[in-house]
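Peer 1: Just a sequence and a predicted model for now, questions to come.
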Amino acid sequence: MAMRYEGWEVTTADTGIHAVRAAKEVHPDVIVLDMMLPDFDGLEVMRRIRMDQTTVPVIFLTAKDAVGDRIAGLTAGGDDYVTKPFSLEELIARLRALLRRAGATEPRSDSTLTVGDLTLDEDSHEVTRGGEEVQLTATEFELLRYLMRNPKRVLSKAQILDRVWNYDFGGQANVVELYISYLRKKIDKGRSPMIHTMRGAGYVLRPAR
């Protein structure tokens, strides 16, 4: 979910065999590879992938932190190594760095998100609806950005809490309701609504009809 939020297309595999097959089909820009898999380990997966994809960057994930394991992972063709438990933000940062080093195109080179007549500039933090500027607080901006990155997709309160208020946030789900109400007053007031409540499911942002 965190990787999709960053704008990356994600393909997953739950076994080594599936991982090798997926790599051949998808030709990924970067691979996050767990060392512990149910059929064979990440090193063997890496060796098989390296037979025909010699340059794709790889980050190994493992619960092992011995120097020997690190050396083995990097020797097999890996570019980085993250020991569990790890910071999700750190993993994303390392993935960005690997993509830059590999010359892969960064997702969403255009910093502007657009849904209907609503626009949000991720660089300048400017928001407009129907050409009129909308002033948002930092938290309101992050909430709207998450909604706009996932248009027409129902997002649960738990997903919003995790993404906007960080994964270790200890608050209650009612903070989501509160900030959704703030956004509605600024985005939807006097206009056709774009932010909708899906009872029992969460919230969704759609272009106004």
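Peer 2: That came in fine, so what should we check first?

Peer 1: all contacts plus neighbour counts: C-alpha atoms, from now on.
Peer 2: Will do.

Peer 1: For this protein, give me the ranges with low pLDDT.
Peer 2: 64-77, 102-110, 166-173 (pLDDT under 70).

Peer 1: Quickly list the domain ranges of it.
Peer 2: Domain assignment for the chain by the TED database gives 1-102, 112-205.

Peer 1: could these go into a markdown table alongside mean neighbour count?
Peer 2: As requested, the domains of the chain are exported to a markdown table (neighbours: other Cα atoms under 10 Å):
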| stretch | mean neighbour count |
| --- | --- |
| domain 1-102 | 16 |
| domain 112-205 | 15 |
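
Peer 1: Identify the residues contacting the closest residue to Tyr81 other than its chain neighbours.
Peer 2: Closest residue to Tyr81 apart from its sequence neighbours, by Cα to Cα, 6 or more residues apart in numbering: Phe60 at 4.7 Å. Going by Cα atoms under 8 Å, 6 or more residues apart in numbering, Phe60 touches Val32, Leu33, Asp34, Met35, Gly42, Gly73, Gly78, Asp80, Tyr81, Val82.

Peer 1: And the helix or strand that contains the first one, what does it pack against?
Peer 2: By that I understand Val32. Here Val32, judged by DSSP states H and E, is contained in strand 31-34. On a contact count with 3 or more Cα pairs under 8 Å, 6 or more residues apart in numbering; DSSP states H and E, strand 31-34 meets strand 58-62.

Peer 1: returning to that earlier point: please tell me how far the residue nearest to Tyr81 sits from Tyr179.
Peer 2: Per Cα to Cα, to the nearest Å, Phe60 is found 38 Å from Tyr179.

Peer 1: How about residues contacting stretch 45-56?
Peer 2: Taking Cα under 8 Å, 6+ apart as the rule, stretch 45-56 contacts 16-17, 19-20, 23-24, 27-31, 76-78, 102.

Peer 1: Out of those residues, which two sit at the greatest distance?
Peer 2: Ile17 and Ala102 (25.3 Å; Cα to Cα).

Peer 1: Show me where this protein has its helices.
Peer 2: For the chain, the helices defined by DSSP state H cover 2-5, 16-26, 42-50, 67-75, 88-102, 138-149, 157-164, 174-187.

Peer 1: Pull the distance from the longest one to the chain's centre.
Peer 2: Using Cα atoms, centre = their mean, to the nearest Å, the distance from the centre of helix 88-102 to the centre of the chain it belongs to is 12 Å.

Peer 1: do the same with the first one
Peer 2: Average the C-alpha atoms of helix 2-5, do the same for its chain, and the two points are 1 Å apart (Cα atoms, centre = their mean).

Peer 1: ditto for the second one
Peer 2: Here the centre of mass of C-alpha atoms in helix 16-26, compared against the chain's by Cα atoms, centre = their mean, lies 21 Å away.
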